[in-house]
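Student: how would this look folded up:
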Amino acid sequence: MDKRVFLFPGQGSQYVGMGADLARSYQSARNIFDEADRVLGFPLSQLCFEGPSGQLSRTKYTQPAVLTTSIAVLEVLKEKGIAYHAVAGHSLGEYSALVAAGVLSFTDALKIVQRRAELMDDAMPPGQGGMVAVLGLDREKVEEVCRVASAKGIVQPANYNAPGQVVISGTREGLAEAAGLARQAGARRVIPLPVSGPFHSSLMQKVGEALKVYIKNFNFKEPDIPLVMNVTGDYVSDPERIQDYLIEQVSSPVCWEQGMNKLSADGFIHFTEVGPGQVLSGLVKRIIPNCKVSQVGDQASLEKMLAQDGRTV
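Tutor: Coordinates of the predicted model:
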């Protein structure tokens, strides 16, 4: 039997309508949205199902929304008997992975993510910082570009997503300088991302410090299955270390390519993206060309995956 990894998406994968059809069809999914509404004290389910998109795209709403939708999908997959043998999540998605691995309850993960989202939303005035995807340069060249551009403003690698795809993060001035240098160095594309701040950079240091105070109030358990984390791109099992890495992750690069290569080297060949969007599915195909990839985020994709597995809906 193929060893399957569940992958959980982060911010940027959200869309209006996510989770709606599964919540209508499966009580297990509906229960997750109901719990989120209760814990958060506002109708997150309505925001996910109906929008408006502008509000759903705000960090303070996006993060709990993506977490909740991902866990709703997870519950349906568990109900269908789909086994998974390791987990990883991209940035925010790491909290979904922790729930899937038994490290945190959904309720506790939701409370932490709500606080994380509020802190990140308030970290810097709008327009003062952001993130840019650099396509077509290797990681060493992007790191060099950031070092040179730092003379004009803070700019650092934020996501090592796949070969030839590195996201950088920093101040408006630093990003502008780095973007120009990246184009001169031969980057195929340089794409500003629709995010509200310079996530996974040193500019988020104060967010990490505030999150550390809050996160220590929660009970973390050892994972039931292998868990790969962003900060190292490697397995982590010690609960205290997991907490430390969640705090560090806010201001450190996401080592996604390294983590996927680690799982591949250890014999994991089937990767299923669980939650809204297909960003991680595309990245995994680039990192591990011969792997099996599937994605489940709604009724149609669920039926497709079940058919591929020889199962019925």
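
Student: measure stretch 283-295 end to end?
Tutor: Using C-alpha to C-alpha, to the nearest Å, the end-to-end distance of stretch 283-295 comes to 12 Å.

Student: oh, that last question was meant for stretch 53-65, not what I typed.
Tutor: Using C-alpha to C-alpha, one end of stretch 53-65 lies 12 Å from the other.

Student: and it, how far out from the chain's middle?
Tutor: In terms of C-alpha atoms, centre = their mean, to the nearest Å, the centre of stretch 53-65 is found 14 Å from the chain centre.

Student: so for it, mean pLDDT?
Tutor: Averaging pLDDT along stretch 53-65 gives 95.

Student: tell me which residues are up against it.
Tutor: 11, 14-16, 18, 36, 40, 44, 47-48, 92, 110, 113-114, 116-118, 120-121, 194-197 (C-beta atoms under 8 Å, 6 or more residues apart in numbering). Yep, even glycine has a C-beta here, placed from its N, CA and C like the rest.

Student: among those, name the ones in helices.
Tutor: Under the assignment DSSP state H, the contacts of stretch 53-65 contribute 36, 40, 44, 47-48, 110, 113-114, 116-118, 120-121 to helices.

Student: still on that earlier bit, and the contacts of stretch 53-65, which of them are buried?
Tutor: Buried members of the contacts of stretch 53-65, scored by 16 or more other C-beta atoms under 10 Å, are 11, 14-16, 18, 36, 40, 44, 47-48, 92, 110, 113-114, 116-118, 120-121, 195-197.

Student: ok so, going back, in a markdown table, list the ones in helices among the contacts of stretch 53-65 along with pLDDT and distance to residue 172.
Tutor: Output for the ones in helices among the contacts of stretch 53-65, formatted as a markdown table (pLDDT from 0 to 100; distance: C-beta to C-beta, whole Å):
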| residue | pLDDT | distance to residue 172 |
| --- | --- | --- |
| 36 | 98 | 34 |
| 40 | 98 | 32 |
| 44 | 98 | 31 |
| 47 | 98 | 29 |
| 48 | 98 | 31 |
| 110 | 98 | 32 |
| 113 | 98 | 27 |
| 114 | 97 | 28 |
| 116 | 97 | 23 |
| 117 | 95 | 22 |
| 118 | 95 | 23 |
| 120 | 93 | 17 |
| 121 | 88 | 18 |
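
Student: now, which of those residues sits nearest residue 293?
Tutor: Taking C-beta to C-beta as the measure, residue 48 is the one of the ones in helices among the contacts of stretch 53-65 closest to residue 293, at 24.6 Å.

Student: what sits closest to residue 156 if chain neighbours are left out?
Tutor: Among residues not flanking residue 156 along the chain, residue 201 sits closest, at 4.8 Å (C-beta to C-beta, 6 or more residues apart in numbering).

Student: check contacts around that neighbour.
Tutor: Under the criterion of C-beta under 8 Å, 6+ apart, the neighbours of residue 201 are 129, 154-156, 158, 169-170, 251.

Student: using pLDDT, spot the least trustworthy of those residues.
Tutor: pLDDT is lowest at residue 129 among those; the value there is 93.

Student: show me what contacts that residue?
Tutor: Contact analysis of residue 129 by C-beta under 8 Å, 6+ apart lists 169-172, 175, 197-198, 201, 203.

Student: look up how far residue 52 lies from it.
Tutor: Separation of residue 129 from residue 52 (C-beta to C-beta, to the nearest Å): 25 Å.

Student: for residue 238, same thing?
Tutor: 42 Å.

Student: and for residue 243?
Tutor: As for residue 243, its distance to residue 52 is 35 Å (criterion: C-beta to C-beta).

Student: how about residue 214?
Tutor: Taking C-beta to C-beta, one finds residue 214 at 29 Å from residue 52.

Student: can you classify residue 132 as helix, strand or coil?
Tutor: At residue 132, secondary structure determined by DSSP: H, G, I helix; E, B strand; the rest coil is strand.

Student: domains of this protein?
Tutor: If you go by automatic domain parsing, the domain ranges for the chain are 4-123+203-308, 129-195.

Student: what residues are up against the residue lying closest to residue 221 once chain neighbours are set aside?
Tutor: Here the nearest residue to residue 221 in space, its sequence neighbours aside, is residue 103; by C-beta to C-beta, 6+ apart that works out to 5.5 Å. Going by C-beta under 8 Å, 6+ apart, residue 103 touches 220-223, 227, 239, 242.
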